[in-house]
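Peer 1: no sequence on this one, just coordinates:
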Ligand code: HEC
Ligand code: HEC
């Protein structure tokens, strides 16, 4: 490979890297509702995820009075989709 070609490949490589970075940076933020940091949910923030998930449906169910929306996706593993929000003291 002569020098000129190598330079072109280097520039191409940089351009592709930049494009990928920009693409990732522009990706929309996650929109799934975060778990509020409030009296109801605070306790779950310091719990292992699997432990916490067992308790969500005490409230978030028909019996608990706060059913999930009808079009809610499969609800196995709540915390996989509903992330913790920024902790507010
Ligand atoms: C003690 C009852 C209770 C428990 C247990 C509980 N929640 Fe909630 N949750 C609520 C109430 C009340 C609201 C609505 C008011 C609010 O925003 O706090 C709510 C709201 C939410 C919302 C919606 C926030 C929004 O933006 O609309 C999410 C997501 C949520 N809870 C996830 C969870 C997850 C995940 C768990 C288990 C780790 C859980 N909750 C356990 C009572 C509970
Ligand atoms: C596969 C991903 C996924 C899983 C797992 C999941 N959810 Fe959701 N949940 C969503 C999406 C998507 C919505 C509707 C869009 C949104 O939140 O803005 C939603 C909505 C909700 C809402 C209503 C939020 C609002 O703003 O009205 C509550 C409460 C909730 N989920 C609780 C739970 C609980 C409790 C569990 C576990 C039993 C759970 N979710 C598991 C993706 C998920």
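Peer 2: Alright, I've got the coordinates. Treat the numbers as computed from the prediction; the structure is a model and nothing was measured. Residues are numbered from 1 along each chain as shown. Ligands and ions are numbered 1, 2, ... in the order given.
Peer 1: quick one: low-confidence ranges for this protein?
Peer 2: Low-confidence segments of the chain (pLDDT under 70): 1, 88-89.
Peer 1: Which residues of it lie near ligand 2?
Peer 2: 31-33, 56-57, 60, 68-69, 72-78, 80-82 (Cβ under 6 Å from any ligand atom). C-beta coordinates here come from the backbone N, C-alpha and C atoms, glycine included.
Peer 1: Which among those count as buried?
Peer 2: 56-57, 60, 78, 82 (16 or more other Cβ atoms under 10 Å).
Peer 1: Select the longest helix from this protein.
Peer 2: If you go by DSSP state H, the chain has its longest helix at helix 3-26.
Peer 1: related to what we said a few turns ago, of the buried ones among the residues of the chain next to ligand 2, which is the nearest to residue 23?
Peer 2: Using Cβ to Cβ, residue 82 is the member of those that sits closest to residue 23, with 25.9 Å.
Peer 1: gap between the closest one and residue 26?
Peer 2: 24 Å (Cβ to Cβ, to the nearest Å).
Peer 1: ok, which stretches of the chain are helices?
Peer 2: Under DSSP H, the chain gives helices at 3-26, 49-56, 78-81.
Peer 1: Make a markdown table from those and add distance to residue 39 to it.
Peer 2: A markdown table is the format used below for the helices of the chain (distance: least, Cβ to Cβ, whole Å):
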| stretch | distance to residue 39 |
| --- | --- |
| helix 3-26 | 36 |
| helix 49-56 | 14 |
| helix 78-81 | 18 |
